[in-house]
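Chemist: Fold the following, please.
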Amino acid sequence: MTAEAVRTPEERFAGLPGYEFDTHYVEWEGLRLHYVDEGEGRPVVLFHGEPTWSFLYRKIIPILAEAGYRAVAPDYPGFGRSDKPVDPDWYTYDRHVTAMSALAEELDLEGATAVVQDWGGPIGLRTAVESPARFDRLSILNTGLFTGGGRIPEAFQVWRDFVRDNRDLPVAMIMGNAAVRRWDETVLAAYEAPFPTVDHKAGAWRFPLIVPLADEDPGAAEMAATRTALGEWTDPVQVLFSTGDPIFSTRTGQRWVDHIPGATELETIEDAGHFLQEDAGEEVGAALRDFLARTD
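Modeler: Next up is the predicted model:
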């Protein structure tokens, strides 16, 4: 491998609840990257956040496949079944956008929809606006772009400080604390599954720390450029936010609607938190399916 990396043992992924998809891999810069690929039809690419992986979309993937779409859910380098470079400095915004753009090219995606949440927003939205020949619809869930200006949500600052001081991230505990509806212990264990050691957690630990907080921080200019490009995006856009997220409120969702010409309204999911795909996966899947159907 070009970067020194570790690979999560396959037995860690045995018997995960609701996650019975075939495995698919591509090689990228010496790393093996995993993605789920279910169904046929126009592709829908599901970009996960931090510290999650494609398991987050397991309730949504079958809904899309049954509705006649091709659901593609990648694991970023450092997450899920993908290889995990052990050097925290390896993890950059640019590198992850490059990885996802390479995956879209490898799969030769056309007419795709980017579904984004949490860190999937900065990664997926930039991938989409920089690849307009491949992506022509967006579904934006509980996310934002950090351009170095404006107020940082207090809940995010608390989260970032916690991560900074805890290199060996307690992933299951973090996910459990984010739950609004009750999650089974097997679900929490599944989020922990990709990360058996500190080395496996390098990416999960690093991601909150590379969020740009000032104009001069790496990534700030690129996120600002992505925001500018979205201000000219006229293709269909769904903005779907949960009402119980302490980091990305429905006010953030409304700002997306106001900013993007292709977005017409804010849709909301009640009784769900930051990880709405977990709290209310079937509802999110149905709303996404309906959006795709009315914009086909």
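Chemist: any weak-confidence spans in this protein?
Modeler: 1-2 (pLDDT under 70).
Chemist: ok, 80 please
Modeler: Along the chain, segments meeting pLDDT under 80 span 1-2, 148-153.
Chemist: how about the helices in it?
Modeler: Under the criterion DSSP state H, the chain contains helices at 61-66, 93-106, 120-129, 154-164, 171-178, 185-192, 202-206, 220-230, 250-259, 276-279, 281-295.
Chemist: Contacts for the third one, please.
Modeler: When you say that, I think you mean helix 120-129. Identification of contacts with helix 120-129 by CB atoms under 8 Å, 6 or more residues apart in numbering yields 45-49, 76, 93, 96-97, 100-101, 104, 114-116, 134-135, 138, 140, 143-146, 219, 222-223, 226, 229-230, 233. C-beta here means a position set from N, CA and C on the backbone, and glycine is covered the same way.
Chemist: Could you check the angle that helix makes with helix 250-259?
Modeler: 10 degrees (axes from the mean of the first three to the mean of the last three CA atoms, to 10 degrees).
Chemist: Please export the C-alpha coordinates of helix 120-129 as PDB.
Modeler: Extracted C-alpha coordinates of helix 120-129, given in PDB (Å, rounded to 0.1, in the frame of the first residue of the first chain):
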ATOM      1  CA  GLY A 120     -20.900  13.600   3.600                       C
ATOM      2  CA  GLY A 121     -22.000  17.200   2.900                       C
ATOM      3  CA  PRO A 122     -18.600  18.800   2.300                       C
ATOM      4  CA  ILE A 123     -17.400  15.600   0.500                       C
ATOM      5  CA  GLY A 124     -20.500  14.700  -1.500                       C
ATOM      6  CA  LEU A 125     -21.500  18.200  -2.500                       C
ATOM      7  CA  ARG A 126     -18.100  19.200  -3.700                       C
ATOM      8  CA  THR A 127     -17.800  15.900  -5.600                       C
ATOM      9  CA  ALA A 128     -21.200  16.600  -7.200                       C
ATOM     10  CA  VAL A 129     -20.500  20.300  -8.200                       C
END
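Chemist: sorry, back to before: show me the one of the helices of the chain that comes nearest residue 268.
Modeler: With respect to residue 268, and counting by CB to CB, the nearest of these is helix 250-259 at 6.1 Å.
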